[in-house]
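> using only what follows, build the 3D model:
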Amino acid sequence: MHGEIFIPKEEYQQRAEKAAKILERENLDALIVNGNEADYANTRYFSGFWPLFERCGVAISASGDAALMVGPESGEFALDRSKLSKIFILKEYRESADPAYPELKVDTFNDAFEAIGVRGQKLRIGVASWLDTSVVQMEGIKAAFPDAEIVRADGIMVELRSIKSENEIACLREGYRIADVASQQVIKEIKPGMTELQMVGVAQRVIYEEGAEYEGLPMYVFSQESTRHAISRSSYRRFEHGDIVQLNLSAKVDGYSASIGYPVVLGKLDGKRRDIVLFGREAHFWTQEQLRAGVTASEVAKNYYDYFKNNGYEENFVYGPMHGTGLIEVEAPWVETISDYQFKPNMTFQIDTFIATDEFGVRWEKGIAITEDGCKVLSPEIGELIELDF
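Got it, this is the predicted structure:
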């Protein structure tokens, strides 16, 4: 289904209107969110725009008006792709090579604010994407509004993005479907002597054939020692008979990033290695059984750690048990022992069960949406341990 599942334009306007209500509640005059090619989530959430090379930002007023701010080379690109009609060119969003563009007449933060009806200097401006707001962007905001109070406002975006619409969930479901097709094709083609990156190539081919716009995250095909890496990149390592190979394959559909992960064994697994791998799978499904609306996230995280400890695998615990997912495969909120929020229907998470030793690690991972009485699995369900016979 190439391009047939997407976020409709009217939903972008609804998002700006919801943001405006929160701004009014928080006594903020405007909100600025910033993004880049790697983490575009907050800006794409309002604009549908995904930058490359350059950065971008979105300014939103307390009345619900919004404008997209892009770098000097992205103007025409933004005109073609943005769901927002108000577009401004700011040097603060230029690429990292830091070109001066001496002949270019550019816009300012003041111009963008004026266009969305935010006037004056003694403003309260919320800035979300705090970690993705560069020094140059922050200095530009302060120079444009020297008398403004600038407030960290990441919580606004967590509030807006945590509970997904039916359209968002449809995009995720399609991404999981594609990631599963890619995973099955890799399993068909993988064999000793091939490299991790060859299998990445197989997965990349399949996701585009099936209708993905891009990978949801860099494709994980790790083997043996590199499976210990919680995050890593695939390499030219050649598989050997008996290897544990970790697959975490993904697909992006209209910005929404879906990933499925599980180990594949090139041969038969036995002994302590088998016990650890299967305990990871057991902990994965244990986590799934704890989920429903109204449960406090920290309770699940604390009990998850105790589950490892009580079963003798405390030293193999790395993190867990879940993190939010949506426009970015790892997004807020996380499920941690200090997480004091309660699960609500249509919050979406990756159940991300990672267990590691000094020699190897495995991850069992899939996407779910919280329901009143449990959760619904958005991907094809993870099956039994896959052991291939060569």
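
> please make it C-alpha for all contacts and neighbour counts, starting now.
OK.

> where does the prediction get shaky in the stretch 51-200 of the chain?
Along the stretch 51-200 of the chain, segments meeting pLDDT under 70 are nowhere present.

> show me where it has its helices.
75-81, 109-115, 135-144, 154-162, 166-189, 196-210 (DSSP state H, counting those that start in this stretch).

> show me the domain layout of this protein.
Using automatic domain parsing, the domain ranges for the chain come out as 9-162, 166-387.

> distance to residue 2 and mean neighbour count added to the ones you listed, as TSV?
Shown next, in TSV, are the domains of the chain (distance: least, CA to CA, whole Å; neighbours: other CA atoms under 10 Å):
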stretch	distance to residue 2	mean neighbour count
domain 9-162	17	19
domain 166-387	4	20
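
> and these as JSON lines, adding distance to residue 3?
Shown next, in JSON lines, are the domains of the chain (distance: least, CA to CA, whole Å):
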{"stretch": "domain 9-162", "distance to residue 3": "14"}
{"stretch": "domain 166-387", "distance to residue 3": "7"}
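
> residue 1 is nearest to which of those?
Residue 1 sits nearest to domain 166-387 of all the domains of the chain, at 5.7 Å, using CA to CA.

> how much distance is there from that closest one to the middle of the chain?
Put simply, domain 166-387 sits 13 Å off its chain's centre (CA atoms, centre = their mean, to the nearest Å).

> same check, this time on stretch 33-52
Using CA atoms, centre = their mean, the offset of stretch 33-52 from its chain centre is 12 Å.

> CA atoms only for that stretch, dumped as CSV, please.
Taking Å, rounded to 0.1, in the frame of the first residue of the first chain, the C-alpha atoms of stretch 33-52 are listed here in CSV:
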residue,chain,number,x,y,z
VAL,A,33,9.6,23.2,18.5
ASN,A,34,12.8,22.3,16.6
GLY,A,35,13.9,19.3,14.7
ASN,A,36,16.5,17.9,12.3
GLU,A,37,17.0,15.1,9.9
ALA,A,38,17.7,12.6,12.7
ASP,A,39,14.9,13.7,15.1
TYR,A,40,12.2,15.4,13.2
ALA,A,41,9.3,14.2,15.4
ASN,A,42,8.0,17.4,17.0
THR,A,43,8.3,19.5,13.9
ARG,A,44,6.8,16.9,11.6
TYR,A,45,4.0,16.4,14.1
PHE,A,46,2.7,19.9,13.3
SER,A,47,3.9,20.4,9.7
GLY,A,48,4.4,17.0,8.0
PHE,A,49,7.9,18.3,7.0
TRP,A,50,11.1,16.2,7.3
PRO,A,51,14.2,18.2,6.7
LEU,A,52,17.5,17.0,5.4
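
> check which helix or strand the spatially closest residue to residue 337 that is not a sequence neighbour maps to.
Nearest non-adjacent residue to residue 337, counting by CA to CA, 6 or more residues apart in numbering: residue 298, 4.4 Å away. Residue 298 belongs to helix 297-310 when assigned by DSSP states H and E.

> give the other helices and strands that that helix contacts.
If you count contacts as 3 or more CA pairs under 8 Å, 6 or more residues apart in numbering; DSSP states H and E, helix 297-310 packs onto helix 271-289, strand 331-335.

> how does it look with 10 Å?
Secondary-structure packing of helix 297-310 (3 or more CA pairs under 10 Å, 6 or more residues apart in numbering; DSSP states H and E): helix 271-289, strand 322-324, strand 331-335.

> mind giving me a markdown table with the ones you listed and columns for distance to residue 349 and mean pLDDT?
Below are these laid out as a markdown table (distance: least, CA to CA, whole Å; pLDDT from 0 to 100):
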| stretch | distance to residue 349 | mean pLDDT |
| --- | --- | --- |
| helix 271-289 | 11 | 98 |
| strand 322-324 | 4 | 98 |
| strand 331-335 | 9 | 97 |
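
> same list, the ones you listed, but as JSON lines with distance to residue 128 please.
Below are the helices and strands packed on helix 297-310 laid out as JSON lines (distance: least, CA to CA, whole Å):
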{"stretch": "helix 271-289", "distance to residue 128": "31"}
{"stretch": "strand 322-324", "distance to residue 128": "17"}
{"stretch": "strand 331-335", "distance to residue 128": "13"}
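
> which of the ones you listed sits closest to residue 387?
Of those, nearest to residue 387 by CA to CA is helix 271-289, at 10.9 Å.

> and residue 227, which of the three is it?
helix (DSSP: H, G, I helix; E, B strand; the rest coil).

> list the contacts for it?
Contacts here follow CA atoms under 10 Å, 6 or more residues apart in numbering; on that basis residue 227 touches 220-221, 234, 244-247, 263, 354-357, 359-363.

> mind doing that once more with 7 Å?
Contacts for residue 227 (CA atoms under 7 Å, 6 or more residues apart in numbering) come out as 246, 360, 361, 362.

> same check, this time on residue 34
Taking CA under 7 Å, 6+ apart, we find residue 34 in contact with 42, 43, 56, 57, 58, 129, 132, 133.

> next up, phi/psi of the closest residue to residue 284 other than its chain neighbours, please.
In this structure, residue 284 finds its nearest non-sequential neighbour in residue 353, 5.5 Å apart by CA to CA, 6+ apart. Main-chain dihedrals, residue 353, degrees, to the nearest 10: phi -100, psi 100.

> can you tell me how far residue 353 sits from residue 271?
Using CA to CA, to the nearest Å, we find residue 353 at a distance of 21 Å from residue 271.

> next: residue 3.
47 Å.

> kindly report the same for residue 351.
26 Å.

> give me every residue that touches residue 151.
Residues in contact with residue 151 (CA under 7 Å, 6+ apart) are 125, 126, 127.

> residue 290 now?
residue 300.

> could you rerun that using 10 Å?
Taking CA under 10 Å, 6+ apart as the test, what residue 290 contacts is 297, 299, 300, 303, 304, 374, 375.

> same deal with residue 237?
For residue 237, the contact set (CA under 10 Å, 6+ apart) comprises 193, 194, 195, 196, 197, 198, 222, 223, 224, 226.

> and for residue 351?
Counted by CA under 10 Å, 6+ apart, residue 351 has contacts 260-261, 284-285, 287-288, 320-325, 335, 363-368, 377.
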